[in-house]
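Chemist: Below are the sequence and a predicted model; questions follow.
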Amino acid sequence: MKIAVLGGGNGSFAAAGDFALQGHDVRLWRRDARLVMEHRAAGSRVTVKDAKGRHEAQLALVTADIAEAARDAELIVCPAPAFAQHDIARLLAPHLADGQVVFLPPATFGSMIFATAARKTGNLASVTFAETGTLPWLTRKHGPFEAAITVRAKRLPVGVFPEKQADRALEIIARAFPDVIEPCGDALSGALMNAGPIIHPPLIVMNAGPIEHFERWDIHKEGTQASIRRVTDALDAERIAVRQAFGYGAPHFPLAHHYAREGEHWMYGRGSHDRLTDSGDWRERLVLTDHRYMQEDLRLGISFLISAAELAGVATPLAKGFLSIGGAICGEDFMKGGRTLASLGLGGLSRSELKTFLHDGFDS
């Protein structure tokens, strides 16, 4: 299968390497032409390191031309941070073609950004957009063309827009992620599976002192204490309440399963938290105000959760508290600069109207 991977970060390199190792025809796009030339000069390969050793993955193409990357691709995967989605969607939109599937792992309802961008350019191609609850890899780049994968996802709940085209989209995505994909309904359901806005805001806010004090800090090891875990579970309860209010059924993938060593498998399976902390890859220098956990998961993810909760009629006191504190840390109003149903162009819809739109798409 021809797959386009968009972005140059940890997730994009893990995706490109893993797909190429599966035998797919992989085209990697990144916007920096100089880095693209360096990658080509190094042979357009990605080294993947995992528990089984080192593997050299040959990419079909490395390019700074997004049209070239997307051309004839059945699947377009964009693991870029949510704050990069508007810009990437704008660049990609004119080049989307009938039958393509755009997969955003995860997305904070970014499927709406990509779908709307295509619409705004006048591109009426029949394209399906999907998103899931986590990045399919616990991964860090160990070099300019090398990705270390600590854990691969075992279960990926995927929501699709428009939902009426879900069967075909899920079949295509499953060819890239065999035996991992689990349908969870429409794109909002997929967005409300996003684990990042639940696990990361308590870690980034409640570890603010150590982050600013220590040169390097493992936010998932020393930064994950019992008190923080209790807060995380309470915040996750707000997310699950929102899902239930919209009528989405179980499984809700409660974050407690991520930390458990027995019981139901979470997205990364059992014991993944221990493997993450044992790897040492997350002991790093963190810039509190600029870190992705703050700017993506808190500013965008929490504001979106609050917006969805307001439409669903669910109270989210913890989410609102984290949004206020995070904004104070960064010196801005995160609700005004965050992501909401209104900012995505859906603010005028009732709950039932939103559900109909998510199923039928723009042509309803």
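Modeler: Sure thing, it's come through.

Chemist: Check the offset of the worst-scoring helix or strand of the chain on mean pLDDT from the chain's centre.
Modeler: Every helix and strand in the chain was compared by mean pLDDT, DSSP states H and E; the lowest is helix 272-279, with a mean of 82. Distance of helix 272-279 from its chain centroid, counting by Cα atoms, centre = their mean, to the nearest Å, is 20 Å.

Chemist: go on, stretch 185-203?
Modeler: 9 Å.

Chemist: Just the endpoints, please. Distance across it?
Modeler: 29 Å (Cα to Cα, to the nearest Å).

Chemist: Same question for stretch 89-105.
Modeler: One end of stretch 89-105 to the other measures 14 Å (Cα to Cα).

Chemist: Phi first, then psi, for T47.
Modeler: phi -90, psi 120 (degrees, to the nearest 10).

Chemist: now do the one 5 residues further on
Modeler: Backbone dihedrals for K52, given as degrees, to the nearest 10, come out at phi -100, psi 0.

Chemist: how much space between it and F246?
Modeler: 41 Å (Cβ to Cβ, to the nearest Å). Yep, even glycine has a C-beta here, placed from its N, CA and C like the rest.

Chemist: More neighbours: these two, which one.
Modeler: Using other Cβ atoms under 10 Å as the criterion, K52 and F246 rank with F246 on top: 21 against 8.

Chemist: Near the nearest residue to that one once chain neighbours are set aside, how many other residues are there?
Modeler: Spatial nearest neighbour of F246, excluding adjacent residues (Cβ to Cβ, 6 or more residues apart in numbering): A312 at 5.5 Å. For A312, the neighbour count with other Cβ under 10 Å is 17.

Chemist: Over to the one 4 residues further on?
Modeler: When neighbours are counted by other Cβ under 10 Å, T316 registers 23.

Chemist: and what of A67?
Modeler: A67: 12 neighbours (other Cβ under 10 Å).

Chemist: The one 5 residues further on now?
Modeler: The number of residues packed around D72, counting by other Cβ under 10 Å, is 10.

Chemist: so what's the closest residue to it other than its chain neighbours up against?
Modeler: The spatially closest residue to D72, leaving aside those adjacent along the chain, is K2, at 5.6 Å (Cβ to Cβ, 6+ apart). Neighbouring residues of K2 by Cβ atoms under 8 Å, 6 or more residues apart in numbering: H24, D25, R27, A60, D72, A73, E74, L75.

Chemist: which SSE is the residue most central in space within the chain in?
Modeler: The centroid of the chain falls nearest to P106 when counting by Cα atoms, centre = their mean (1.8 Å). Under DSSP states H and E, no helix or strand contains P106.

Chemist: in the strand or helix carrying V242, what's buried?
Modeler: According to DSSP H and E, V242 maps onto helix 226-245. Judged by neighbour count using 16 or more other Cβ atoms under 10 Å, the buried positions of helix 226-245 are I228, V231, T232, L235, D236, A237, E238, R239, I240, A241, V242, R243.
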